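1. What follows is a protein structure lacking sequence information:
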């Protein structure tokens with residue numbers, strides 16, 4: 001069988017297995033009164049996540065760097081039905097901020113049922129230029145602050161049989177061009193939180209870990225940095241956010257959005273050489 005035939009055949013098998021085993025245990029009523037902290041909540045996916053939790057009647061703490069924008073998101077959440085809502089400005093490039101944010105959330109809400117880790121540093125979407133300082137900064141924002149937030153929140157999440165919801169990316173499963181530093185941080189998230197999930201289960205600590213694998217989403221920042229550079233259609237942020245909220249509530253181990261990303265990852269694992277060749281065709285590139 002030719003390689004393309006193998007790929008098509010494998011696609012059918014993977015799609016069939018996913019359809020057979022996948023089920024949706026989402027119960028919207030479970031989020032009424034749920035205590036939620038959402039990071040990166042001032043724009044993009046995080047903003048939309050906050051709106052969905054508000055519609056379901058959750059109690060919410062929002063955090064991001066920009067206070068003025070957080071105020072506007074908070075006001076809209078109130079109109080959508082949030083039972084309680086607070087915000088705290090924080091810059092996750094500072095190692096002292098994560099613990100401060102968790103303490104604020106626990107104080108205001110009396111505990112946490114969901115910690116949604118969503119904030120990111122800027123992805124330059126360019127060839128590697130040797131900027132180690134930028135990589136070090138991005139690791140702090142995209143990875144180390146996630147670890148610090150999760151660590152500080154684990155006691156209250158365990159007490160409340162809560163959930164860690166970690167927003168990651170396809171670039172943390174498949175290495176893609178022009179995302180060297182960003183991809184490194186997302187691979188780190190996948191490794192840390194997948195390993196942590198094993199440990200929590202083995203220790204019988206009732207905290208779920210949901211890792212969300214997203215493709216290109218139509219946020220302003222993502223479209224700005226990828227415009228004219230990729231042959232990929234962006235998926236809508238509100239739908240991506242809802243998939244994240246549903247997956248966390250259902251205590252799913254993984255969420256893929258769009259759903260076909262799961263098939264893509266499986267195929268890449270089976271046929272990495274062919275997969276990498278196809279992947280590179282999605283990008284515009286001219287040699288200098």
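-> Done, it's in. For clarity, every value in this text was computed on a predicted model and none was experimentally measured.
2. Quick check: longest helix in the protein by residues?
-> The longest helix of the chain (DSSP state H) is helix 180-202.
3. Show me where this protein has its helices.
-> Using DSSP H, helices in the chain cover 3-21, 44-55, 67-80, 97-109, 132-139, 145-159, 180-202, 220-226, 237-249, 260-270, 272-280.
4. quick check: angle from the fourth one to helix 145-159?
-> What that stands for is helix 97-109. 30 degrees (axes from the mean of the first three to the mean of the last three C-alpha atoms, to 10 degrees).
5. So for helix 97-109, what gets flagged as buried?
-> 97, 98, 101, 102, 104, 105, 106, 108, 109 (16 or more other C-beta atoms under 10 Å). (Glycine included, C-beta is placed from N, CA and C.)
6. since we're on the closest residue to the fifth one other than its chain neighbours, how many residues are nearby?
-> Beyond its immediate neighbours in the sequence, the residue positioned closest to residue 104 (C-beta to C-beta, 6 or more residues apart in numbering) is residue 88, lying 4.7 Å away. Residue 88: 18 surrounding residues under other C-beta atoms under 10 Å.
7. Which of the helices of the chain sits closest to residue 115?
-> helix 145-159 (4.7 Å; C-beta to C-beta).
8. For that closest one, what does the pLDDT average out to?
-> Averaging pLDDT along helix 145-159 yields 98.
9. Buried residues of it, list them for me.
-> Buried-residue list, helix 145-159, by 16+ other C-beta under 10 Å: 145, 146, 147, 148, 149, 150, 152, 153, 154, 156, 157.
10. For it, which helices and strands make contact with it?
-> Counting contacts by 3 or more C-beta pairs under 8 Å, 6 or more residues apart in numbering; DSSP states H and E, helix 145-159 packs against helix 97-109, strand 114-117, strand 163-169, helix 180-202.
11. For that helix, give me every contacting residue.
-> 37, 39, 92-93, 95, 97-99, 101-103, 105-106, 111-113, 115, 117, 119, 162-164, 166, 189, 192-193, 196, 205-207 (C-beta atoms under 8 Å, 6 or more residues apart in numbering).
12. What residues does residue 241 make contact with?
-> Here residue 241 is in contact with 45, 46, 48, 49, 51, 52 (C-beta under 8 Å, 6+ apart).
13. swap the cut-off to 6 Å and go again
-> Residue 241 makes contact with 45, 48, 49, 52, according to C-beta atoms under 6 Å, 6 or more residues apart in numbering.
14. Tell me which two of those residues sit farthest apart.
-> Maximum distance among the contacts of residue 241 (C-beta to C-beta): 10.5 Å, for 45 and 52.
15. got any ranges where the stretch 1-150 of the chain has weak pLDDT?
-> 1-24 (pLDDT under 70).
16. Now do the contacts for the residue nearest to the spatial centre of the chain.
-> The centroid of the chain falls nearest to residue 167 when counting by C-alpha atoms, centre = their mean (0.9 Å). Taking C-beta under 6 Å, 6+ apart as the contact definition, residue 167 lies against 118, 212.
17. measure it to residue 120 for me?
-> The gap separating residue 167 from residue 120 is 8 Å, by C-beta to C-beta, to the nearest Å.
18. What of residue 59?
-> 25 Å.
19. try residue 247
-> 18 Å.
20. Please tabulate the helices and strands packed on helix 145-159 in CSV, including the columns distance to residue 27.
-> As requested, those are arranged in CSV below (distance: least, C-beta to C-beta, whole Å):
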stretch, distance to residue 27
helix 97-109, 21
strand 114-117, 14
strand 163-169, 13
helix 180-202, 21
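21. Comparing these, which comes out most buried?
-> Among those, strand 114-117 has the highest mean neighbour count (mean count of other C-beta atoms under 10 Å), at a mean of 28.
22. strand partners of that one, parallel vs antiparallel please.
-> strand 35-39 (parallel), strand 163-169 (parallel) (DSSP bridges).
23. of all those, which lies closest to residue 28?
-> strand 35-39 (14.0 Å).
24. can you count the residues close to the closest residue in space to residue 77 that isn't next to it in sequence?
-> Ranked by C-beta to C-beta, 6+ apart and with sequence neighbours excluded, the top spatial neighbour of residue 77 is residue 54, at 3.9 Å. Using other C-beta under 10 Å, residue 54 has 24 other residues around it.
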